[in-house]
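Enquirer: The following comprises the amino acid sequence and a computationally predicted model.
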Amino acid sequence: MENELLYIQQTLQGNTSAFAHLVRLHKDRVYGLALRIVRSPQDAEELAQDVFVKAFENLHKFKGGSRLATWLFKITYNTAISFVRKKRLSTVALNEQVASYDFSAEKSARDKEEQLNKLELALLQLNEKDRSIVALHYLNHHAVAEIAAITGFSESSVKVKLHRARKKLQDLMEKLI
């Protein structure tokens with residue numbers, strides 16, 4: 001984090017190559033969040049670039065009250081949600097990170113594969129905000145407070161949305177045969 005602050009200060013002083021270090025540190029996670037929301041690798045790559053352009057242009061507004069990653073995720077979330085609203089994407093296969101969902105060791109490989117397929121189908125049926133909150137919490141392992149900072153929702157709202165999304169996922173998975 002100290003290196004990040006140094007790179008931020010250097011960037012603000014006109015050293016644009018310092019910003020390249022920040023991009024390298026965060027590009028994969030920014031891309032991953034964008035991909036989970038827009039579900040298109042090409043669009044996610046374009047959005048990630050847009051996020052870093054916005055971050056560069058607004059770096060002077062970063063006050064350091066949160067981690068830089070949280071600030072970048074907030075920009076990513078808002079940019080991707082705006083993109084989805086404008087474009088209303090067609091259904092695309094969900095990122096293979098869904099495979100990280102934890103199932104009990106007792107299930108056979110076929111049962112696990114069937115459950116993963118059900119989970120993928122159920123996730124596709126969530127709206128982009130719920131899907132992104134689920135991804136931030138379960139795939140990126142962000143705490144509720146961080147998700148609130150990223151999305152702009154209150155912590156209690158994030159908790160409610162997570163609870164409802166889990167319930168909806170469970171209901172959807174039970175309905176899938």
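Expert: Now that the structure is in, tell me what you want to look at.
Enquirer: Nearest the geometric middle of the chain, what residue?
Expert: For the chain, the residue nearest the mean C-alpha position is Leu33 (2.8 Å; CA atoms, centre = their mean).
Enquirer: Tell me the buried residues in the helix or strand encompassing that one?
Expert: Using DSSP states H and E, Leu33 sits in helix 16-38. Across helix 16-38, burial judged by 16 or more other CB atoms under 10 Å covers 18-19, 21-23, 25-27, 30-38. Yep, even glycine has a C-beta here, placed from its N, CA and C like the rest.
Enquirer: re the thing from before, pull up the gap between the nearest residue to the residue nearest to the centre of the chain once chain neighbours are set aside and Leu121, please.
Expert: Excluding its sequence neighbours, the residue lying closest to Leu33 (CB to CB, 6 or more residues apart in numbering) is Thr76, at 5.0 Å. For Thr76, the distance to Leu121 equals 25 Å [CB to CB, to the nearest Å].
Enquirer: distance between the helix or strand bottoming out on mean pLDDT in the chain and the chain's centre?
Expert: Using mean pLDDT, DSSP states H and E, helix 109-125 stands out as the lowest-scoring helix or strand of the chain, at a mean of 73. On the basis of CA atoms, centre = their mean, to the nearest Å, helix 109-125 sits 20 Å off its chain's mean C-alpha point.
Enquirer: Show the residue spans covered by the helices in the chain.
Expert: Under the criterion DSSP state H, the chain contains helices at 2-12, 16-38, 41-58, 68-87, 109-125, 128-134, 144-151, 155-175.
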